[in-house]
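In: Sequence first, predicted coordinates after that:
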There are 2 protein chains.
Amino acid sequence: MDERNLSTLAQTVLERIFIELEASGRHVHVTETQAQQLFGHSLTPQRPLSQPGQYLAQERVTLHGPKGKLYHVAVLGPARKEAQVEISLTDGKLLGILPPIRQSGDVKGSPGIVLAGEKGTISIAEGVIAAQRHVHLTPEGAEKFGVRDGQIVKLQTFTERPLVFEDVLVRVRPDFADRAHLDFDEANACAMKPGDLGRIVP
Amino acid sequence: MDERNLSTLAQTVLERIFIELEASGRHVHVTETQAQQLFGHSLTPQRPLSQPGQYLAQERVTLHGPKGKLYHVAVLGPARKEAQVEISLTDGKLLGILPPIRQSGDVKGSPGIVLAGEKGTISIAEGVIAAQRHVHLTPEGAEKFGVRDGQIVKLQTFTERPLVFEDVLVRVRPDFADRAHLDFDEANACAMKPGDLGRIVP
């Protein structure tokens, strides 16, 4: 076997076993109406994210909590049907808000917060969560790793401070890209660097 | 067996299997000379810590990094032979300093920082680290858990976001109390609350 074939084989083996880790910073999702209230216009895409169709917007917001503020917080597009503010537990301590650990979209009964944009300020009654760590997979990825949508798996990290995350949610959709998503507390706990890999343990 | 005996048995079993988790916030150790420079006097004990002889001092410092500052940072006593600044990777990002992950006391070649107290400011050439997660054990505790000083073990957490930390250092000394020490990134990654327990996996 020549070197090129060996390298292709190695790549194939890597892809069968490992999944790329990605850290999600604190961010906000807003509705079209809220975008108008905060910025005076719709969201402006700045760059695409790893999940197809999702983008980082040019706009930024300030989060006002009872105990502190977080500035220049990312806004992700496209606009959603409901506002959602995803922060880490570290962020929560600074803001004075204890976010429940929830799957994205599951905001019922979660704390509210005040968001300030360039043009206006809005208050949401609920929507602040810490995103439950999760793995995005295409149906092909799910088949490859032998897991299904909604399954709870473990995720072993091959990072400077290795660990095994339990209670990792599998989310499967044709429009996903295969990635394991951690928040910054989790990424720092394992000392993750961009490009680091993990292994799904069913 | 009456209820009291059952409860005592349960307690004994708990103590044989589990170890209490404790989160260490960012903190500073200084020498006696540096305490004089920073505060104009020696450290004043405020309250004892879980490790016998160690205390939180009344004094606080501000850490000045190239990119940011951290205020009201705890100073632990008694004074040491060498300054040491223990921060999380999250703190490091805010300060603009990348701390190596090291065992306490192993500061050679680590980054320096500026510390400001009520009476003066000092600059240390090295000493900023992120403490490697570790378990403090008495010799009796080490025997109970079947581990030895310097051993690397895993630590399974029974917390809201359970996980298994790998690369956990065992430190054994007669003057220790049995506790597993995490930094705040690690404590938040597993959503640890005070009193939560872990299990040492040799």
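Out: Sure, I can see it. Note that the structure is predicted; figures quoted are calculated from it, not measured.
In: For chain A, what lies in contact range of chain B?
Out: A:88-90, A:101, A:133, A:160-167, A:184-186, A:188-191 (CB under 8 Å from any CB of the partner chain). Bear in mind the C-beta positions are built from the backbone N, C-alpha and C, glycine included.
In: Do you have the helices of chain A handy? List them.
Out: Counting by DSSP state H, chain A has helices at residues A:3-17, A:32-39, A:89-95, A:139-145, A:184-189.
In: Can you say which of those is packed in most?
Out: Most buried of those, by mean neighbour count (mean count of other CB atoms under 10 Å in any protein chain shown): helix A:184-189, with a mean of 28.
In: packing partners for that one?
Out: For helix A:184-189, the contact count by 3 or more CB pairs under 8 Å, 6 or more residues apart in numbering or on different chains; DSSP states H and E identifies strand A:18-24, helix A:89-95, helix B:89-95, helix B:184-189 as packing neighbours.
In: hmm, who's touching the first one?
Out: Which is strand A:18-24. A:50, A:86, A:131, A:135, A:141, A:145, A:155, A:157-159, A:178-184, A:186-187, A:192, A:195-200 (CB atoms under 8 Å, 6 or more residues apart in numbering or on different chains).
In: tell me the mean pLDDT for it?
Out: In this model, strand A:18-24 has a mean pLDDT of 96.
In: Equivalent analysis for the third one, please.
Out: Taken as a whole, helix B:89-95 carries a mean pLDDT of 96.
In: Mind listing residues that contact that helix?
Out: Counting by CB under 8 Å, 6+ apart, A:90, A:184-185, A:188, A:191, B:26, B:63, B:65-70, B:87, B:98-99, B:113, B:128, B:130, B:184-185 sit against helix B:89-95.
In: What subset of these is buried?
Out: A:90, A:184-185, A:188, A:191, B:26, B:63, B:65, B:70, B:87, B:99, B:113, B:128, B:130, B:184-185 (16 or more other CB atoms under 10 Å in any protein chain shown).
In: pretty sure residue A:116 is touching residue A:64, no?
Out: Yes - applying CB atoms under 8 Å, one finds residue A:116 in contact with residue A:64, separated by 6.4 Å.
In: and these two? which has more neighbours close in?
Out: Legend: neighbour count by other CB atoms under 10 Å in any protein chain shown for residue A:116 and residue A:64, higher for residue A:116 (18 against 15).
In: Next, the contact list for residue A:104, please.
Out: Contacts for residue A:104 (CB under 8 Å, 6+ apart) come out as A:84, A:86, A:129, A:131, A:134.
In: which stretches of chain A have low pLDDT?
Out: A:1-4 (pLDDT under 70).
In: mind running it again at 80?
Out: Where chain A drops to pLDDT under 80, the residues are A:1-7, A:9-16.
In: Quick check: bridge partners of the most centrally placed residue in it?
Out: For chain A, the residue nearest the mean C-alpha position is residue A:24 (4.2 Å; CA atoms, centre = their mean). Beta bridges link residue A:24 to residue A:183, judged by DSSP bridges.
In: any idea how far it is from residue A:142?
Out: 20 Å (CB to CB, to the nearest Å).
In: hang on, the earlier thing: quick one, which of the contacts of strand A:18-24 are buried?
Out: Among the contacts of strand A:18-24, those buried by neighbour count (16+ other CB under 10 Å) are A:86, A:131, A:135, A:141, A:145, A:155, A:157, A:159, A:178-184, A:186-187, A:192, A:196-198, A:200.
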